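Trainee: Okay, here's the prediction I keep looking at, along with the sequence it came from:
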Amino acid sequence: MTHNTLFLVVGHLRQSFERLSEVPFSSETKWMAVQCVDRTVTDAVPLFYAKGATEVFVNRCGTYYLNNGTLAAMSDDVRLQFCEVAREVRAHPATGIS
């Protein structure tokens, strides 16, 4: 995907979604979030999109989904595994968008 194509896709998404609310990024909380609704879907349910430090999110989670779709209780061991995977991803960032 070229830079121009990516720019067009992002522009289309911004037109399709209405931002209802926002929690701005804070260096203290280390996360941010927006609540959006898809204007192109009749009776669309508002969704939250968040990003930030993995450690912050996994510490707030009480459950997670397994690969088979089953909901499982979050444990300290699983939290550590999530954080380790995040560290690995950060250590080997993608070299580009394809």
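Mentor: Received the coordinates, thanks. Keep in mind the model is a prediction, meaning the values are calculated, not measured.

Trainee: any low-confidence regions in the protein?
Mentor: Residue ranges of the chain with pLDDT under 70: 1-12, 94-98.

Trainee: How is it divided into domains?
Mentor: As given by automatic domain parsing, the domain ranges for the chain are 1-52, 53-98.

Trainee: could the ones you listed go into JSON lines alongside mean neighbour count?
Mentor: C-beta coordinates here come from the backbone N, C-alpha and C atoms, glycine included. Converted to JSON lines, those look like this (neighbours: other CB atoms under 10 Å):
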{"stretch": "domain 1-52", "mean neighbour count": "11"}
{"stretch": "domain 53-98", "mean neighbour count": "11"}
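
Trainee: I would like the residues contacting the biggest helix by length in the chain, please.
Mentor: Counting residues, the longest helix found in the chain (DSSP state H) is helix 76-91. Identification of contacts with helix 76-91 by CB atoms under 8 Å, 6 or more residues apart in numbering yields T54, E55, V58, N59, C61, Y64, A72.

Trainee: Max pairwise distance over the residues you listed: which two?
Mentor: By the measure CB to CB, E55 and A72 form the most distant pair in the contacts of helix 76-91, at 19.4 Å.

Trainee: Please determine how far the residue lying closest to C61 once chain neighbours are set aside is located from F57.
Mentor: What sits nearest to C61 in space, not counting adjacent residues and going by CB to CB, 6 or more residues apart in numbering, is M74, at 4.9 Å. For M74, the distance to F57 (CB to CB, to the nearest Å) stands at 11 Å.

Trainee: Off-centre distance for the longest strand seen in the chain?
Mentor: Ranked by residue count, the top strand of the chain under DSSP state E comes out as strand 17-26. Chain-centre distance of strand 17-26: 13 Å, with CA atoms, centre = their mean, to the nearest Å.
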